[in-house]
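Novice: just need the structure, nothing else, for what follows:
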Amino acid sequence: MTRTRSTFIDLLQRPQGYTSGPEVVDELRRVVASGAVPPGSTIPLDEVAEFFQLSRIPVREALKTLVGEGLLEHQPRLGYTVTSLSSEELNELYLVRGALEAAALDVAVRRATERDDRRVQEAHDRLTHAVSEGDTGEFQRSSRAFHEAMLQPCRMPRLLHMLDVAWNITEPVQTMVHVSDNDRSGMHHEHAALLDAYLARDAETLHTLAAEHHQHLMRSLTALGD
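Specialist: Predicted coordinates for the structure are as follows:
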């Protein structure tokens, strides 16, 4: 009987030539964090190993790395699955994200250069395009890219790494895809205000706007859980 191929495998991309352990980690992380794999989905170890033409050992180590990052869970008999978050856990992670982002943003706006400004503007342009096209998946991706572009000039790699880990854990939930159209529109208007304050180097206004934006996001999370 022909074995049914996991849909997870169809999302993977394999580099040409030999695939190293770190490359496997990066690719698995990319797919899981993209939100294309629903929480609770099983990651088929044997099929992943076959796809990358590797033994089970480096693939298992890659999966363990993602367990350590909180993206995956491991349970006896079930194997490796995409982490499922309770509403309380999701709220907790968003609180962590908000605190880390606020700290990074306060520094970034003071260190940003004209080159950084162009990157932030370009990220916002992509976000605007996603809104005009009604592409909720692209809005999810572009929203994160816009925030990350604003934060990058802080040049605080450890803080940004912690934020990246917290953000990755929440990505499979695809919050921006599931919020109401009114919420999504409101958040985009808030993004525009954030952009203006950032480009003006108005750190105080930016801090206030970012806090209000985060509170809006938290209210949207609560509504999703109801």
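Novice: pretty sure residue 175 sits against residue 222.
Specialist: No: using CB atoms under 8 Å, residue 175 is not in contact with residue 222; the gap is 11.5 Å. C-beta here means a position set from N, CA and C on the backbone, and glycine is covered the same way.
Novice: what's the distance between the closest residue to residue 174 other than its chain neighbours and residue 208?
Specialist: Nearest residue to residue 174 in three dimensions, chain neighbours excluded: residue 35, at 4.1 Å (CB to CB, 6 or more residues apart in numbering). Look at residue 35 and residue 208: by CB to CB, to the nearest Å, they are 30 Å apart.
Novice: quick one, which of these two is more surrounded?
Specialist: Using other CB atoms under 10 Å as the criterion, residue 35 and residue 208 rank with residue 35 on top: 20 against 13.
Novice: backbone torsions only: list them for the more buried one.
Specialist: phi 80, psi 0 (degrees, to the nearest 10).
Novice: and it, what does it touch?
Specialist: For residue 35, the contact set (CB atoms under 8 Å, 6 or more residues apart in numbering) comprises 137, 140, 171, 172, 173, 174, 177.
Novice: let's see that with 6 Å instead.
Specialist: 171, 172, 174 (CB atoms under 6 Å, 6 or more residues apart in numbering).
Novice: just the buried positions in the least confident helix or strand in the chain by mean pLDDT, please.
Specialist: Here the helix or strand of the chain ranked lowest by mean pLDDT, DSSP states H and E is helix 175-178, holding a mean of 82. Going by neighbour count (16 or more other CB atoms under 10 Å), the buried part of helix 175-178 is 175, 176.
Novice: can you name the element that comes right after that helix?
Specialist: Using DSSP states H and E, the helix or strand that follows helix 175-178 in sequence is helix 181-199.
Novice: next up, phi/psi of residue 41, please.
Specialist: Backbone torsions of residue 41, given as degrees, to the nearest 10, read phi -70, psi 140.
Novice: is it true that it touches residue 82?
Specialist: Yes: Residue 41 lies in contact with residue 82 (CB atoms under 6 Å); the separation is 4.7 Å.
Novice: who has more neighbours, those two?
Specialist: residue 82 (21 against 18).
Novice: in the sheet, who's paired with that one?
Specialist: Beta-bridge pairing for residue 82 (DSSP bridges): residue 72.
Novice: wouldn't it be in contact with residue 39 here?
Specialist: Yes: under the criterion of CB under 6 Å, residue 82 lies in contact with residue 39, with a separation of 5.2 Å.
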